[in-house]
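K.L.:
structure, please.
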Amino acid sequence: MPEQHGPFNMLGMKISSSFDYENHLIIELFFNYGINPVTVTKDSIVITDKTGTLISIDDNALSFTKNIRGIRLSVPTNETQISIKIQGIGSFDNEIMRT
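P.N.:
Modelled structure (predicted):
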């Protein structure tokens, strides 16, 4: 991942199917600064299907990468089209990322 620079932003996303759980997607989000874990809740990541129906995220579905610059979550869905909204996530420098 690139060096830390600029405003706090999401650098990229990786979505894959789960080998461990059938009908689950693994979503990984990568940021340019360390994420303050206190600012990340299941409400910080809003996922909807193509009809706009909310896809729930389990409380224990969120985890962080070792360098705290990434979030990994497992989502119970087999939808081929989803929409993801990231909101209210902050860095350790108390900078809140734009939605």
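
K.L.:
how about low-confidence regions in this structure?
P.N.:
1-4 (pLDDT under 70).

K.L.:
let's see 80
P.N.:
Within the chain, the stretches falling below the threshold (pLDDT under 80) are 1-5, 18-21, 59, 99.

K.L.:
hey, where'd the strands end up in it?
P.N.:
10-17, 24-31, 45-49, 54-55, 62-64, 70-76, 82-86 (DSSP state E).

K.L.:
take the ones you listed and lay them out in TSV including distance to residue 38 and mean neighbour count.
P.N.:
Any C-beta I mention is one placed from the backbone N, CA and C, and that applies to glycine too. Formatted as TSV, these follow (distance: least, C-beta to C-beta, whole Å; neighbours: other C-beta atoms under 10 Å):
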stretch	distance to residue 38	mean neighbour count
strand 10-17	18	12
strand 24-31	15	19
strand 45-49	15	17
strand 54-55	24	12
strand 62-64	12	14
strand 70-76	13	19
strand 82-86	16	14
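
K.L.:
just send those back as JSON lines, with distance to residue 95 too.
P.N.:
Shown next, in JSON lines, are those (distance: least, C-beta to C-beta, whole Å):
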{"stretch": "strand 10-17", "distance to residue 95": "13"}
{"stretch": "strand 24-31", "distance to residue 95": "11"}
{"stretch": "strand 45-49", "distance to residue 95": "18"}
{"stretch": "strand 54-55", "distance to residue 95": "28"}
{"stretch": "strand 62-64", "distance to residue 95": "17"}
{"stretch": "strand 70-76", "distance to residue 95": "16"}
{"stretch": "strand 82-86", "distance to residue 95": "14"}
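
K.L.:
of all these, which one is nearest residue 92?
P.N.:
Among these, strand 24-31 comes nearest to residue 92, with 10.9 Å by C-beta to C-beta.
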